Structure formats: C-alpha cells, structure tokens
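A.B. asks: Sharing a sequence plus its predicted fold:
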Amino acid sequence: MPPKISTFIPVYRESELLEPLLNQLLGDSYGLKEIFVIIDEPTDRSLDTIKKFETSVNFILNGERKGKVNVLNEAVEKSEGEILLFLDSDVFLPSNQGSFLQTIYEEMENAEIIEVKKKIIRDSLLAKSVHYDYLSFNASNLMFSRMLGKCLGLNGAAFAIKRETFDYLGGFRRAISEDLDIGTRAFIKECKFKFVDRAEVYIKVSPSWRQWFNQRKRWGVGAGLWFRDHFKELLLSVPRYPKVLLPTILLLLPSLPLFIIDMLIPEQLYLKFLSIVLLVLATKGASFFYPPLLLASSVTVLKNAITTVLSFGAYILTFYSLARRLNYTFEPFSFTFFYFVYSPIWLFILILSIIKVYLKSDHTDIDWKV
C-alpha cells in the first residue's frame, strides 16, 4: 500500500494562491493524503478560505506570529504521514503534470529527501530576474543530485522528506534559513537526496522591489548565519567536492567573478593606484602627466570591458544551456538585466549581510520568521 503523504503549508496572515493550491491538492488523484495549513495572524480573507475547506483540511490558527520553524515542527507532530511534503503558500501546481502527489511518492521510493523543480510566474521584470535565480539554484541541486546523491542546501518552497529522516535530523532548527540548515545537516549525515524535474511548482513573486529587498536582506542574514554555523563543514567540503561546489558558487553568484577580478587581482589594483597618482600629479599643474594618465585609464577601461564581455558571454551561454536542459524560458533582454543589475545588487546585499552577522552576531535586527 502506498504511504500517506502529509502536506504542510505555512501562511503568514494570508496568501492569494492558498485557495487554488488547496483545490489542486484536494483534487489530486493520490488517495492517502492529509493537508495541514498553519496560519499566523489570519486575516478575514484567510478566515473565508477556512470556511470553504474546514471539512477537508486541517487548519491550525495562531493569533500571534509564532514563526515558520515553530509551527511546522508542531504540525509535523500532529500528522500521520510517512512522507512529509512542505509547500510555501505562494506556490501554484500546473495542471499538465498529472498527479503531483503520485510523483512525490514515486520519487521518494529511492531517496530520503527530494527537491521539486521550481519556476517563477514571470509577470514583471523583477519576476523575470528571480526566474534566473531559481534556474541557477535548480541547476546546482541537479548537479548535487546527479554527482553526489546528497545536497548542501534546500529551497524550502517545495520539498519532501521521509518522516524517519526528519526525526533523525531533529526537525527544523531555529534558523532564519531553515531550509538551508536542514539541507546541510542532511548533507553531513549522508542522507540520500534527489532532485525531481518531472514535477514542478510555480512561485508567485511580489512585483515590489522594496519587498524583494527586505526578503533578500533576511535571506542574506540567514545565509550569513548558516555560513557561520556550518563553516567547518563547508570549508572541508570544498577540497572534497570542487567539481560540484565551485560551479555552484559561480552559478548562484554570477557577479562574483567580476567582483573578485576587480578587487583582488594585483594588476588591476596597480593600474588603479597608478591612475590615482597620475591624476593627482596632473591636477598639481604637471601637464605632461596627462598622456600617461589617459593611457593608464584606457588600459584599465579596456581590460575591464574585455573581462566583462567575456564573463557575460560565458554566463549567457551557460544559462541558455541550463534553460534548455530544465525547460526554462530564456530571454536575452531579461537575462542582461539580471546579470548587470539584479545579480550585483543581490551580491552586494549578501556581502553586507554576512559582514553584519560577523560584526553583530547577537544583534541581527531583522523581521525574521522564527
């Protein structure tokens, strides 16, 4: 007999996709299932949704914000399923993929943790940029799945884990990036991981750059705390799995190579220093320093331009190939915006967040969900 699947959907206040998601799950042909929806500070819209599904869905309401980690651990204790499926409330299941839960069951037969392929509802320029973010994360975990059979981090919007594995890992820990944390602990414990690309979910992204910034600030601090907490394991993994970890870092942070080249290569630093010296001398009235100043500046600009073009060319070919492999949409214009605008901003937020964690580790003043 197939195992029961317990699905958990945490909600903060409300979600416009919660009702269609519940309809999709309840209409799924897989029979042995139960659904838990945990809502912190429910709104009138959430209460209306509860009335429609109260006989078929287990709702847990909290009058205050208890946080994602806490409510999920509590809900798991009340569930009965052998397979635990975690879905964010802003996901949508496409109707052309058959039984989503049946696919989860089949893929879990030879894995302890599976991650479901995620796509973005591409309804804005911001969403189209996040689309490439998720493409890189999916491609990275596909590499981990195929080459190592385990993962270093999960994207918690849609993943499943066997109950015995969840209990073995001690459930979710009190962490901002609880998905990264449980993925890393599963990596350390050698839990068998599989990336699933024959089932997928779509995620709704807010069109607000302010909300995106606040989310990424939280993610950045979460990543910094994750890096600090698992520093030893991460450091030891680099020489053990360079063929997976190094490509993953480059995929997830496309702006990183240019940042490293710009900041760390001595020749670049030398040319910048020389340009500053010549500029100071030229402004002091020594006009014969203008030609070498122009030459040094031209060399710097030319080298930066060549480096940027080569890097962009390599990334556009890589992401285009990955998009074809994972059946993602690829648009040159939106990818150009992603590479030159979105990715540098995200890298800047991430670096500042990590610095903040190490400088003020006990004072992460942020609207976090735990």
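C.D. replies: Thanks, I have the structure now.
A.B. asks: May I see the domains of the chain written out as residue ranges?
C.D. replies: What the record gives for the chain is the domain set 5-207, 256-330, from automatic domain parsing.
A.B. asks: among the ones you listed, which is the most enclosed?
C.D. replies: Of all the domains of the chain, domain 5-207 has the most neighbours on average by mean count of other Cβ atoms under 10 Å, namely a mean of 19. In this view, the C-beta of every residue, glycine as well, is placed from N, C-alpha and C.
A.B. asks: From one end of that domain to the other, what's the distance?
C.D. replies: 33 Å (Cα to Cα, to the nearest Å).
A.B. asks: What's the mean pLDDT across that domain?
C.D. replies: Summarised as a single mean, pLDDT over domain 5-207 is 94.
A.B. asks: ok, back up a step: let's have the domains of the chain in CSV, adding distance to residue 240.
C.D. replies: Putting the domains of the chain into CSV (distance: least, Cβ to Cβ, whole Å) gives the following:
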stretch, distance to residue 240
domain 5-207, 10
domain 256-330, 21
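A.B. asks: And those domains: which comes nearest residue 229?
C.D. replies: Ranking the domains of the chain by their distance to residue 229 (criterion: Cβ to Cβ) puts domain 5-207 first, at 7.4 Å.
A.B. asks: roughly how far is that closest one from the heart of the chain?
C.D. replies: Domain 5-207 sits 13 Å away from the centroid of its parent chain (Cα atoms, centre = their mean, to the nearest Å).
A.B. asks: Indicate which one of the domains of the chain is closest to residue 244.
C.D. replies: Per Cβ to Cβ, nearest to residue 244 of those: domain 5-207, 5.3 Å.
A.B. asks: quick one, strands of the chain?
C.D. replies: 5-12, 33-40, 58-62, 83-87, 91-92, 113-120, 158-162, 193-203 (DSSP state E).
A.B. asks: can you put those in a markdown table and add distance to residue 326?
C.D. replies: Output for the strands of the chain, formatted as a markdown table (distance: least, Cβ to Cβ, whole Å):
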| stretch | distance to residue 326 |
| --- | --- |
| strand 5-12 | 24 |
| strand 33-40 | 27 |
| strand 58-62 | 34 |
| strand 83-87 | 20 |
| strand 91-92 | 17 |
| strand 113-120 | 7 |
| strand 158-162 | 15 |
| strand 193-203 | 6 |
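A.B. asks: one step back: go through the domains of the chain and name the closest to residue 232.
C.D. replies: Per Cβ to Cβ, nearest to residue 232 of these: domain 5-207, 10.1 Å.
A.B. asks: Contact partners for the residue lying closest to residue 199 once chain neighbours are set aside?
C.D. replies: Distances taken as Cβ to Cβ, 6 or more residues apart in numbering put residue 103 closest to residue 199, at 4.2 Å, once the chain neighbours are dropped. For residue 103, the contact set (Cβ atoms under 8 Å, 6 or more residues apart in numbering) comprises 97, 196, 198-199.
A.B. asks: what two of those are the furthest from one another?
C.D. replies: Pairwise across the contacts of residue 103, and taking Cβ to Cβ, the largest span is found between 97 and 196, at 10.9 Å.
A.B. asks: which residue is nearest the middle of the protein?
C.D. replies: For the chain, residue 155 is the residue whose C-alpha lies nearest the centre (Cα atoms, centre = their mean; 5.3 Å).
A.B. asks: okay, now residue 360: neighbour count?
C.D. replies: A count of nearby residues for residue 360, using other Cβ atoms under 10 Å, gives 10.
A.B. asks: Which residues are in contact with it?
C.D. replies: Counted by Cβ under 8 Å, 6+ apart, residue 360 has zero contacts.
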